[in-house]
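>>> Below is the sequence, then the predicted model.
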Amino acid sequence: MMKRNKAVITWLLAGCVLVFIMVVVGGITRLTNSGLSMTDWHLVTDTFPPMSEEKWNEAFEEYKKFPEYQKINIHNDFTLDDYKFIYFWEWFHRFIGRVIGIVFIIPFVYFLIRKKLDKPTIRKCFILLGMGALQGFFGWFMVKSGLVDNPDVSHFRLALHLTFAFLTFAYTLWVALDLVYPERRKPVYALRKIARIALIILIAQIIYGGFVAGLNAGLIHNTWPMMSEGQFMHDSIFIEKPALGLALTEGQSGVQFVHRTMAYFVVGIIVFLYIRSKKIKITVQQQNGLNALVVLVLLQFLLGVLTLIYRVPLWLGLAHQVMAFFLLTAMTYTLHRLSK
């Protein structure tokens, strides 16, 4: 079965790799403040960047009409060369999205014609197709929020775009794993329940990671284990918004507090899952998944602390996002092996 589906599995895993690359480039785009450099979206004409100095100047003049330039970069001696730098990262991010669409659709049609896909896999692939299209919409929906009055994108839309990319990756990997491991075994119910809860908490933490990025909340309270002035829950949380609920979802201090506190829960439940597994007989695959989970969650926790202490340098912010991807990969694999 594995041999017969090898081409399909390779195709799906290639999609996982491309989504991973796209998220990494998206992280660079965000950390270099490049996301608002392209002020419009065209499926065909934006495929390649401006090919002449005249076209570059036209794009730059168009960019000058929008809040990011008018309220921020106009004061920073922002030149055409600076614009070319930020344009590249946003263009590259969108270009990879187009590549993903081509890499998915063309082989999908080929596999359909050649009858390489069974009905359950076809249904899952149509879901993936819909998720890909929706992700493209979420990307433009996010960018559009920074082109009106506020020279920054909505942190809610940023988190939506980021989290949905993670979910698309996880579902693609799950579909591939269904083909890699076609046999059906009795689930490890006790561990599967814990792993499902762990996945939900991890996704919530990823959402709050998007909030932190969107609000630049990693640039304040750069101390650990306590927030500024040795406070576990800093006083600023209660004064930056009129209600606590708003502070914990829209305030810089509140969002950072939730993200840094939830990290303990992510580590705790994964360690608990690992310890609980020692009392149950499990397969080598399941144990390998759990081992990877523990190692990766501890590394991610360390990266999170360092990213905060050093005020989000580009390489650390990117490493923190990449490790979140690896952690979700291990979580998806482990949950799959505990479920089927």
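Here it is on my side, so go on.
>>> Just checking the distance from the longest helix belonging to the chain to the centre of its chain.
Counting by DSSP state H, the longest helix found in the chain is helix 80-113. How far helix 80-113 lies from its chain's middle: 16 Å, per C-alpha atoms, centre = their mean, to the nearest Å.
>>> Check stretch 274-285 too.
What separates the centre of stretch 274-285 from the centre of its chain is 29 Å, taken as C-alpha atoms, centre = their mean.
>>> Quick one: residues contacting the closest residue to R157 other than its chain neighbours.
Closest residue in space to R157, ignoring its immediate chain neighbours: M142 at 4.0 Å, by C-beta to C-beta, 6 or more residues apart in numbering. Where you see a C-beta, it was placed from the backbone N, CA and C, and this is true even at glycine. Counting by C-beta atoms under 8 Å, 6 or more residues apart in numbering, M142 makes contact with G35, V153, S154, R157, L158, L160, H161.
>>> same thing but at 10 Å, please
M142 sits next to 35-36, 153-162, 210, 214 when contact means C-beta atoms under 10 Å, 6 or more residues apart in numbering.
>>> Mind listing what's buried along whatever helix or strand it lives in?
Assigned by DSSP states H and E, M142 belongs to helix 119-144. Within helix 119-144, the residues that count as buried by 16 or more other C-beta atoms under 10 Å are 121, 124-125, 128, 131-132, 135-136, 138-139, 142-144.
>>> returning to what we had before: so which other helices or strands are in contact with the longest helix of the chain?
helix 6-31, helix 53-63, helix 119-144, helix 155-180 (3 or more C-beta pairs under 10 Å, 6 or more residues apart in numbering; DSSP states H and E).
>>> Apply 7 Å and report the result again.
helix 6-31, helix 53-63, helix 119-144 (3 or more C-beta pairs under 7 Å, 6 or more residues apart in numbering; DSSP states H and E).
>>> which one of those lies closest to Y310?
helix 6-31 (13.2 Å; C-beta to C-beta).
>>> what's the pLDDT at E240?
You'll see E240 listed with a pLDDT of 94.
>>> what's S154 in contact with, if anything?
With contacts defined as C-beta atoms under 7 Å, 6 or more residues apart in numbering, S154 is in contact with M142, S145, G214.
>>> same deal with T172?
Contacts for T172 (C-beta under 7 Å, 6+ apart) come out as L12, G15, C16, V19, L128.
>>> Which of those residues ranks first by neighbour count?
L12 (25 neighbours; other C-beta atoms under 10 Å).
>>> looking at it, that one is touching A176, isn't it?
Yes. Between L12 and A176 there is a contact at 3.9 Å, judged by C-beta atoms under 7 Å.
>>> circling back to that earlier point, quick one: which of the contacts of T172 is nearest I96?
V19 (9.0 Å).
>>> Next one: the closest residue to the closest one other than its chain neighbours, what pLDDT does it get?
Leaving aside its sequence neighbours, V19 sits nearest to F169 (C-beta to C-beta, 6+ apart; 4.4 Å). On the pLDDT scale, F169 is placed at 97.
>>> For burial, what's the neighbour tally of F169?
23.
>>> From L128, how far off is it?
Going from F169 to L128 by C-beta to C-beta, to the nearest Å gives 10 Å.
>>> where along the stretch 201-340 of the chain do the helices fall?
Residue ranges of the helices in the stretch 201-340 of the chain, as given by DSSP state H, counting those that start in this stretch, are 244-250, 252-277, 284-309, 314-339.
>>> V99: which of those helices is closest?
Short answer: helix 314-339, nearest of the helices of the stretch 201-340 of the chain by C-beta to C-beta, at 18.2 Å.
>>> how big is the angle separating the helix or strand harbouring I194 from helix 284-309?
Taking DSSP H and E as the criterion, I194 maps to helix 189-215. Counting by axes from the mean of the first three to the mean of the last three C-alpha atoms, to 10 degrees, helix 189-215 points 30 degrees away from the direction of helix 284-309.
>>> list the buried ones in helix 189-215?
191-192, 194-195, 198-199, 201-215.
>>> Could you do stretch 257-273 as well?
In stretch 257-273, counting by 16+ other C-beta under 10 Å, buried: F257, V258, H259, R260, M262, A263, V266, V267, I269, I270, L273.
>>> show me the contacts for the first one.
The neighbours of F257, taking C-beta under 7 Å, 6+ apart as the test, are M227, M233, I237.
>>> The first one contacts S236, doesn't it?
No. With the criterion set as C-beta under 7 Å, M227 and S236 do not qualify as a contacting pair; they are 8.5 Å apart.
>>> about what we covered before: was I right to think the residue nearest to V19 contacts V17?
No. Applying C-beta under 7 Å, one finds F169 not in contact with V17, separated by 9.5 Å.
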